[in-house]
Structures are given as C-alpha cells and as structure tokens.
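Asks: Can you look at this prediction? I've put the sequence above it.
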Amino acid sequence: MKNKIHFLKVILFFFIMSFIFHSSIQAADLTSTNFIVRDPVIGTGGGFGTSASFQLFSEGDTIFTGVNDSLNFIGHYGFLYFPFFNSGVLTASTTGSNADLTWTGSSASSGWSVSGYRTGIANVSGGPYTYTNVGNVLSYSYTSLSAGNYCFIVDTLDAFNNVIGTSNEDCVTVTGTGVGGGGGGGDIFSTGVKFSGQAYPFSSVFLLKGGNEVESTIANSNGYFNLGFEENSAKNVIYTLFAIDVSGNKSLLINYPVVIEIDSVAYLNGVLFSPTVVTDKSTVKFGDYLEVSGYAIQNRELEIVVEGRGNKTSFTSYSLENGFYELQVPMGVLDRGEYKVYVKYKNDSRISKLIRFTIGDVNVFNKVEISNIPGDCNFDRNINLVDFSILAFWYGKDNPPECVDTNKDRIINLVDFSILAFYWTG
C-alpha cells in the first residue's frame, strides 16, 4: 500500500510540474564517421519568463521558478555556434603600367556565404582604399596606372553585399609610364606632373593650367583615369582638375598647387571627384517629391542633404555600376521656404555643387535637366536596339547630335558603340 501511495505521489509530482512549466525533454544523437554524441539536447520548453520578449540560449537543461508571465518566451537549447569564414590569399604583380591581382577563393559557413569580391587600391600601405566590385571572380587588373607604388586588398562580400572578411595586403611598384585616358597612352617626359584617380565611368577629365585646358582624357569603365603635363622649367604651378559625366554635368573644380623641379615628375595620385547633381524642379509643391540625380564613383553609398530654415535632413542613395544615382526626395517633411540640396559620399567631406530650390504651392520644372543616360536619344531611360539604330545612322557623319556622341569627342566610332553597350538595358 505504501509503495502504491508513493508511486501515485511521483506521478502527481510530474503532472503538476508539467502543468506549471509546460516542460518538454528532447534528445537526438549527433553522429559522424568518427564519433557519436549521445542525447546532447535536454531542455525545458518555452512559454514562460519574466520578460515580454525574453529568450534563453543554453547548452543544457534549465529550471525556472517564480512567476512567469511572458507571452513571447523562446528557449534555444543545444550547442552554441558561430559563423565561420576563411579569407583568400591575394597576390599582386605588374605588367608595364598594369597591376594584375589574383586571389584564392574565400570560404564561409554556419550563416555566412560568399557571393563575390571587391578590390581596393591605395597609394600607401593601409589605405585609404578606393573600391571596385568585381563580381564572383578570382582575378582583376588595374590598367594604365601611372608609375608609382600601389597597395591592394580584396574584400569578400556576402549575399547582402556586406563585407565579411578582408585578404592580406599586397603592394607593388608600377614602372609603366602610360598617361592617357583611363587606359590610354601619352608622351613620356622627365619634368612635369601626372595625375591619377577615379571619376565617373566614361567621364571626361580635364586638366587646366592658369585657367586654360592643357590636357584631357576619358576615364575607363570603372572611372579610373591618368593624365599628365610636361613642363620645361622649375616653377610653382596651380593645376585645376574637373570632370564632366556622360550626361554633360560638370563636377566642382579641384585645385592642386604643385612645385615643379627639373628632371622630376610630380605624381598626384588618388584624385577623387565629388558627385555631380541635378534636380528636376526649381520649386516643389509642398508634399510632392524633388528628383535628385547625377553621377558618382560607382557602387558608393551617398548622402543627399537638404538644408534650410534651420533644418538639415539627409537621405541615403547608392550609385550603380555605371555611376548613376537617382532619388525621389519627399518634400512633405519640410515646411515651405527656401532650401539647398547637395550630395556627398558617405563618411566623406567632398560634396557636390549646391542647388537652391523652393518649397511652395505649385511645381515649377527646370527647363533643362541633364541626367539622361548617354546615347538615350529618345529619353526613355533605356538603352536598346532603338538607340543602337540611331547611333548607327550617325556613324562616320559630321556634326552628330550631343545625345549620340557618348564620349563628347564629336566623332561617332566604335568607342561610342562600346559605351552604349556598357549602358545596355534591353
């Protein structure tokens, strides 16, 4: 009789505990060809806690006591784990004025995955670097670099284009002397100045001396350019650089005071142009949108800043592979009055030109808006066979219209077709 009463007490105890805690006991073997882990997970079930959104992470069982009133409690039991990543190894080499990069593939697991890479280039070890998304490949070449020292890294990107790891840095010395456009040639000289950097893809880059143009070049598809100017005497010179994007928008001027010495070439690397910017309206109806667009260095996070009436509001946008960006900025969050807008790179002090506008009762559109894709003569924001047909019609003809002349050199040739193919949308 005593044994029976004791047995009933045990059954009642477990029934009450189960009712109070809604417990569950779960176990499963972890096996491989070399080992077996027996019953690694034994845990109480979820459903109770003292926090409105409490979660428990545990490797074993846990007993809760006291008042439990959470409606969102979740219990996580078992072995804790962390994402794993193994970065590739970068090797840089040079061929003339080119820097050739190769790297071993990165690997990731337990929550991370590898979707592609971006390369970084700098003129000094440790950066700052200028980045180029290169896709899911294991090699990339920087072409037509000015002679000098360059350092490179490779970042690994996950499925959301976030950086999850960085390779080793590898530095090389480029001995080539090509100076022309984003990949072109140029005269070799022993006294003068050479510039290199990044503008907008296929933009025109101009070098001024004393306010007069002395050299120009076309940036390559990644926006990189090189140009230079020969001097014949020692002097102090102020050079000015600016870029014009493929839609005809001009960047701000950048001035460089340079000391020229005989038998010495001054190298100014890492030139970076601020974004170009245009707006579709000079007056925006309250509650409507202001379209802000232009070109920037490719694949960059941008801040579009609106200032006025003691307020400063910023919006985020991103430049595409071709450098183009566009954002509809809502005007319902601001009061009527006078404002100015400009664009800058995230965490960078370089800003575009300022554009003034008014928030009022009616929309007043700008008479000239230059933000169209080069070669898009029918202004439908697409590059397809219609645009190629128009370009083919003007091939070899004099005085082509501006929308057809994609690189603004007044000649329609294979270069224009290549640029049009770069912007192909179908």
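Replies: Sure thing, it's come through.

Asks: in the sheet, who's paired with residue 102?
Replies: Beta bridges link residue 102 to residue 91, residue 139 when assigned by DSSP bridges.

Asks: Could you report the neighbour count for residue 348?
Replies: Neighbourhood size, residue 348 [other CB atoms under 10 Å]: 15. Any C-beta I mention is one placed from the backbone N, CA and C, and that applies to glycine too.

Asks: Please read the previous query as pertaining to residue 394.
Replies: Residues near residue 394, counting by other CB under 10 Å: 16.

Asks: where does the stretch 151-300 of the chain have low pLDDT?
Replies: 176-189 (pLDDT under 70).

Asks: swap that for the stretch 1-150 of the chain, please
Replies: For the stretch 1-150 of the chain (pLDDT under 70), the answer is 1-85, 96, 109-111.

Asks: Mind doing that once more with 80?
Replies: Along the stretch 1-150 of the chain, segments meeting pLDDT under 80 span 1-88, 95-98, 107-113, 124, 127, 143-148.

Asks: Output stretch 225-245 as CSV, restricted to C-alpha atoms.
Replies: Backbone C-alpha positions of stretch 225-245 (Å, rounded to 0.1, in the frame of the first residue of the first chain) are rendered in CSV as follows:
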residue,chain,number,x,y,z
PHE,A,225,42.0,57.9,-65.2
ASN,A,226,45.6,59.0,-65.8
LEU,A,227,46.8,62.2,-67.4
GLY,A,228,49.9,64.4,-67.2
PHE,A,229,51.5,67.6,-68.5
GLU,A,230,55.1,68.3,-69.4
GLU,A,231,56.9,71.4,-68.0
ASN,A,232,60.2,72.8,-69.2
SER,A,233,61.3,74.8,-66.2
ALA,A,234,61.2,74.8,-62.4
LYS,A,235,58.2,76.7,-61.1
ASN,A,236,55.2,76.8,-58.7
VAL,A,237,52.1,75.9,-60.6
ILE,A,238,48.4,75.7,-59.7
TYR,A,239,46.7,73.0,-61.7
THR,A,240,42.9,72.5,-61.8
LEU,A,241,41.0,69.3,-62.5
PHE,A,242,37.4,68.8,-63.2
ALA,A,243,35.2,66.0,-64.7
ILE,A,244,32.1,66.0,-66.9
ASP,A,245,29.9,63.0,-66.6
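
Asks: tell me which residues in it are buried?
Replies: 225-231, 237, 239-245 (16 or more other CB atoms under 10 Å).

Asks: just how off-centre is that stretch within its chain?
Replies: 29 Å (CA atoms, centre = their mean, to the nearest Å).

Asks: Then stretch 197-204?
Replies: Taking mean C-alpha positions (CA atoms, centre = their mean), stretch 197-204 and its chain are 15 Å apart.

Asks: What segments of the stretch 51-200 of the chain are strands?
Replies: 55-58, 74-77, 84-86, 90-95, 98-103, 107-109, 116-122, 130-135, 139-142, 148-157, 163-166, 170-174, 192-198 (DSSP state E, counting those that start in this stretch).

Asks: Out of those, flag the one nearest residue 298.
Replies: Distance to residue 298, taken as CB to CB, is lowest for strand 130-135 among the strands of the stretch 51-200 of the chain, at 7.3 Å.
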